[in-house]
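*Asks:* sequence and computational prediction follow.
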Amino acid sequence: MAATAASRLLRRALTPAVARRRFSTAAVAAEAPPSPLPSATGEEEAGMVSMKGVRISGRPLYLDMQATTPVDPRVLDAMLPFYLSRFGNPHSRTHLYGWESESAVETARASVAALVAADPKEIFFTSGATESNNISVKGLMRFHRAHKRHVITTQTEHKCVLDSCRHLQQEGLDVTYLPVRPDGLVDLGHLADAIRPDTGLVSVMAVNNEIGVVQPLEEIGRICREKGVVFHTDAAQALGKIPIDVEKLGIGLMSLSGHKIYGPKGVGALYVRRRPRVRIEPQMNGGGQERGIRSGTVPTPLVVGMGAACEIAMKEMDYDSCRISTLQERLLNGIRAKLDGVVVNGSLEHRYPGNLNLSFAYVEGESLLMGLKEVAVSSGSACTSASLEPSYVLRALGVDEDMAHTSIRFGIGRFTTEAEIDKAIELTVRQVEKLREMSPLYEMVKEGIDIKSIQWAQH
Ligand SMILES: Cc1ncc(COP(=O)(O)O)c(C=O)c1O
Ligand code: FES
């Protein structure tokens, strides 16, 4: 393979230890190959970045790992040959180019399957978790539309599950949107009570993208098995982060994404159980690839990247999980040591530690996010981040509107460093203190006035 700037750069970052040391977000920015974009302005050369009216010195440190993760250099290394010399269509049956691509796709399929204890024949490649969720929810219910008319899901699912359910409602099906407890977890009693003879699907996500809570999957799987209902889980935020065993958890359908596990964007997978077989109606028709479940040329480089990401996750999940837990504790303790009125949204116990969603009392959320431009964080999910409405997930937990407005999701990942966490603590504390200094409410609280007892004038 021709040595490209990227592969030369990557070769230096091949071992996990080296990758970890080198691949802090700051290191990546510093080492990035020359950009093909127009040359830097004088301001950029002076280390300033300015975009969308925001001007900061250097690139912000990245703590938004639920929105997406950087590609692991080892993943990119595995992908590159399939963009360059091995570019064949994996469905070409008549020459080496096709065969080698097909073989790489099958190796990747086996790596994805191994990470969730499935059979490779149960894994179908898609464009991402959004598509896998659409196929699961609509494809299953449309296949069984003659007898099954009811779906159960939760109020805190990702938009693509909720929106797929809304489409089914428009087709005349019933959907129950289960509320969650204040800690974000599903009430198993409510779930069992909601199941009807015509319920075809229970769809409950594994790890919530906004608050990181881990649902009681094994118990949900058991209830579904007992009642003969298919259990679908959106595991986009769970894959490679927590152990998943489709057999043990009683999962019938599962949605996975590449770009949440240090793999490329635009690729995902769908797990479909073979025994007992889960039947679905394809939502994409065409050449019959992926055994008819998902027509369209399989994107070999992306799929190879997803496979490599799964292989790395399989080896390093325990190590990453341990490191990330330590960093989460450092972040929470560091912030709490300096600030009062900091509330963790969602269960801390049943949680993936790479997600720390905090609300800061007595500060205005938008001002907090705007003041924190040197840290790339969000107030919740990426696709609703343009909205000024408080998060529907936090509202479902019963979080007060003002506290829901001040939430920040800190997303910690494989390449996050202690120094980045310390910087995030410093910047967050500074900004919250600054806003509180300007807040009359906070002043009243400091003076011991119970602001809940105040009768505000109505206009
Ligand atoms: C829980 C959850 N489901 C689905 C998705 C969508 O995944 P993709 O970007 O692969 O379509 C995301 C990503 O934001 C997610 O967090
Ligand atoms: S697609 Fe990621 S939060 Fe919406």
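*Replies:* Arrived safely, thanks for sending. Numbering: from 1, shown residues only. Ligands and ions are numbered 1, 2, ... in the order given.
*Asks:* closest residue of the chain to ligand 1?
*Replies:* Nearest to ligand 1, among the residues of the chain, is Gly128, at 2.7 Å (Cβ to the nearest ligand atom). All C-beta atoms are positioned from the backbone trio N, CA, C, and that covers glycine.
*Asks:* what's around that residue, how many residues?
*Replies:* Counted with other Cβ atoms under 10 Å, the neighbours of Gly128 add up to 22.
*Asks:* which non-adjacent residue is nearest it?
*Replies:* The shortest distance from Gly128 to any non-neighbouring residue, by Cβ to Cβ, 6 or more residues apart in numbering, is to Gly268 (3.9 Å).
*Asks:* ok so, going back, isn't the residue of the chain closest to ligand 1 up against Gly263?
*Replies:* No: Gly128 lies out of contact with Gly263 (Cβ atoms under 8 Å); the separation is 10.5 Å.
*Asks:* on that earlier part again, so who does the residue nearest to Gly128 touch?
*Replies:* By Cβ atoms under 8 Å, 6 or more residues apart in numbering, the residues touching Gly268 are 125-132, 236, 255-258, 306.
*Asks:* which other helices and strands does the top helix by length along the chain contact?
*Replies:* Taking DSSP state H as the criterion, the chain has its longest helix at helix 300-338. Applying 3 or more Cβ pairs under 8 Å, 6 or more residues apart in numbering; DSSP states H and E, one finds that helix 300-338 contacts helix 73-79, helix 96-115, strand 342-344, strand 355-360, helix 418-437.
*Asks:* so which bits of the next helix or strand after the last one are buried?
*Replies:* The one in question is helix 418-437. Next in sequence after helix 418-437, counting helices and strands by DSSP states H and E, comes helix 440-446. Going by neighbour count (16 or more other Cβ atoms under 10 Å), the buried part of helix 440-446 is Leu441, Tyr442, Val445.
*Asks:* so the last one touches Tyr362, yeah?
*Replies:* This means Val445. Yes: contact criterion Cβ under 8 Å: Val445 and Tyr362 qualify, at 6.5 Å.
*Asks:* re the thing from before, list just the nearest of the buried residues of helix 440-446 to Pro60.
*Replies:* Nearest to Pro60 out of the buried residues of helix 440-446 is Tyr442 (Cβ to Cβ; 26.4 Å).
*Asks:* wait, the closest one touches Arg436, no?
*Replies:* Yes: taking contacts as Cβ under 8 Å, Tyr442 lies within contact range of Arg436: 4.3 Å.
*Asks:* overlap in contacts of these two?
*Replies:* The contact sets of Tyr442 and Arg436 overlap at Tyr362, Val363 (Cβ under 8 Å, 6+ apart).
*Asks:* what helix or strand is the closest residue to Leu441 other than its chain neighbours on?
*Replies:* Closest residue to Leu441 apart from its sequence neighbours, by Cβ to Cβ, 6+ apart: Tyr362 at 5.1 Å. In this structure, Tyr362 sits in neither a helix nor a strand according to DSSP H and E.
*Asks:* next one: Thr176
*Replies:* For Thr176, the host element (DSSP H and E) is strand 174-178.
*Asks:* list the buried ones in the next helix or strand after that strand?
*Replies:* Downstream of strand 174-178, the next assigned helix or strand under DSSP H and E is helix 188-194. Within helix 188-194, the residues that count as buried by 16+ other Cβ under 10 Å are Leu191.
*Asks:* and what of stretch 344-353?
*Replies:* Val344, Asn345, Gly346, Ser347, Arg351, Tyr352, Pro353.
*Asks:* any stretches of the stretch 1-150 of the chain with poor pLDDT?
*Replies:* Residue ranges of the stretch 1-150 of the chain with pLDDT under 70: 1-46.
*Asks:* from it, which residue is nearest to ligand 2?
*Replies:* Ala67 (5.9 Å).
*Asks:* what's near enough to touch Val151?
*Replies:* Each residue near Val151 by Cβ under 8 Å, 6+ apart is listed here: 137, 141, 165, 168, 173-176, 199-203.
*Asks:* next: Ile425.
*Replies:* Ile425 touches Arg330, Leu331, Gly334, Ile335, Lys338, counting by Cβ under 8 Å, 6+ apart.
*Asks:* just among those, which is most surrounded?
*Replies:* Going by other Cβ under 10 Å, Leu331 tops the contacts of Ile425 with 24 neighbours.
*Asks:* what pLDDT is listed against that one?
*Replies:* Leu331 carries a pLDDT value of 98.
*Asks:* could you shift the numbering so residue one becomes 54, and keep it that way?
*Replies:* Okay, residue one is now 54; in that scheme the one you just asked about reads as Leu384.
*Asks:* any idea how far the residue nearest to Glu184 when sequence neighbours are not counted is from ligand 2?
*Replies:* Among residues not flanking Glu184 along the chain, Gly321 sits closest, at 6.4 Å (Cβ to Cβ, 6+ apart). Distance of Gly321 to ligand 2, given as Cβ to the nearest ligand atom, to the nearest Å: 11 Å.
*Asks:* hang on, Glu343 packs against Phe178?
*Replies:* Yes: counting by Cβ under 8 Å, Phe178 is a contact partner of Glu343 at 6.1 Å.
*Asks:* how much space between Leu226 and Gly394?
*Replies:* Per Cβ to Cβ, to the nearest Å, Leu226 is found 44 Å from Gly394.
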